[in-house]
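Asks: Next input, structure requested:
(one chain, ligands or ions: 1)
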Amino acid sequence: MTNIAISAQQISVSIEKHPILQGISLALPAGRWTSIVGPNGAGKSTLLRTLAGLQPCMGQVQLLGRPLAHWPRRERARTLAWLGQNEAVADELTVHDVVLLGRLPHRPWLAAPSAADLAAVEQALRATQAWDWRARGLGQLSGGERQRVLLARALAVQAPVLLMDEPLANLDPPHQADWLQLVRALVAQGATVVSVLHEISLALQADDMLVLAQGRVVHHGACADAATQRALEQVFDGRIAIHALQGQWVAVLK
Ligand SMILES: Nc1ncnc2c1ncn2[C@@H]1O[C@H](COP(=O)(O)OP(=O)(O)OP(=O)(O)O)[C@@H](O)[C@H]1O
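Replies: Next comes the predicted model:
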């Protein structure tokens, strides 16, 4: 039987009486990378926030088979790491301290960081090539540099499940490629990654894809499946076409 990392049963979200998510049910297998794509306003970020327990909803979300509400807070924070979009983080904190925040769910209340915490921070900062800036203030970094530090914070949690909303925002192509390698390595080690991505060619590198439109899942399948690719072309009104190029699927604009 497939292990399910995150599942949702009939989740609906309305904001100011406006339906944003409409009865979504899904099961995301563990040890795979799922990308969530769809047009602007489809509800991608809202869905990811709901799966992370950050957005109240009707229906139920389960993390590793247990309803989110039944998880003790710290255990849940060690199990599910989150990288949000445009997150407010105190700009006066150093890069090192920002990434150390990712270790909070591992540390006893008011305890100094352990050797394991410091090692996790260093590993995460090196993985995102942010180690050299560790003493700088977050506010002194460019948009892409800041994004890499926030990615390091999520990695430092060392959670088995990672949810990332537009993780490639502001990243240049080499760092997008690094992110891809990182995600593949995490998944190879058994982690589950779920990411909202606007870069369709990168989203197509995932194992599975969830295609969203108007608050509903219109397709869920393997990226390599022809049906997934047709659903993707359709949801963008035929304005993209998907082709194979050097062993990869790429989306071209029409
Ligand atoms: N706080 C809010 N108040 C009112 N409407 C909201 C709020 N947050 C989101 N919405 C609306 O919900 C819908 C879905 O938003 P969401 O951010 O989830 O979409 P998305 O698919 O991530 O979009 P994008 O591709 O533009 O980032 C949009 O129509 C948006 O305007």
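
Asks: The residue nearest to Arg216 when sequence neighbours are not counted: what's it in contact with?
Replies: Distances taken as CB to CB, 6 or more residues apart in numbering place Gln22 nearest to Arg216, at 5.3 Å, with adjacent residues excluded. In short, each C-beta sits where N, CA and C put it, glycine included. Going by CB atoms under 8 Å, 6 or more residues apart in numbering, Gln22 touches 12, 214-216.

Asks: quick one: which helix or strand includes Gln22?
Replies: Assessed by DSSP states H and E, Gln22 sits inside strand 18-29.

Asks: Moving C-terminal from that strand, which element do we reach first?
Replies: Sequence order places strand 33-37 as the next helix or strand after strand 18-29, per DSSP H and E.

Asks: So which elements touch whichever helix or strand comes after that next one?
Replies: Following strand 33-37 in sequence order, the next helix or strand is helix 44-51 (DSSP H and E). Helix 44-51 sits against strand 4-15, strand 18-29, strand 33-37, strand 161-165, strand 192-196, with contacts defined as 3 or more CB pairs under 8 Å, 6 or more residues apart in numbering; DSSP states H and E.

Asks: Include mean pLDDT when you put those into CSV, please.
Replies: Shown next, in CSV, are those (pLDDT from 0 to 100):
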stretch, mean pLDDT
strand 4-15, 97
strand 18-29, 96
strand 33-37, 98
strand 161-165, 98
strand 192-196, 98
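
Asks: Throw those into a markdown table and include distance to the ligand, thanks.
Replies: As requested, those are exported to a markdown table (distance: least, CB to the nearest ligand atom, whole Å):
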| stretch | distance to the ligand |
| --- | --- |
| strand 4-15 | 4 |
| strand 18-29 | 4 |
| strand 33-37 | 8 |
| strand 161-165 | 8 |
| strand 192-196 | 6 |
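
Asks: which one of those strands lies closest to Gln234?
Replies: strand 33-37 (12.1 Å; CB to CB).

Asks: Quote the end-to-end distance of stretch 79-99.
Replies: 17 Å (CA to CA, to the nearest Å).

Asks: can that stretch be found next to the ligand?
Replies: No. Taking CB under 6 Å from any ligand atom as the criterion, stretch 79-99 and the ligand are apart, separated by no less than 7.4 Å.

Asks: Name the residues of that stretch that are buried.
Replies: 79-84, 89, 93-99 (16 or more other CB atoms under 10 Å).

Asks: quick one: which of those sit in strands?
Replies: In strands, judged by DSSP state E, the following of the buried residues of stretch 79-99 are found: 80-83.

Asks: for those residues, which one is nearest Ala203?
Replies: Using CB to CB, these come closest to Ala203 at Leu83, 15.7 Å.

Asks: roughly how far apart are the closest one and the ligand?
Replies: 14 Å (CB to the nearest ligand atom, to the nearest Å).

Asks: Contacts only, for that residue.
Replies: 150-151, 153-154, 162-165, 167.

Asks: coming back round to it: between the helices and strands packed on helix 44-51, which gets nearest to Gln176?
Replies: Shortest distance between Gln176 and these, using CB to CB, is found for strand 192-196: 12.0 Å.
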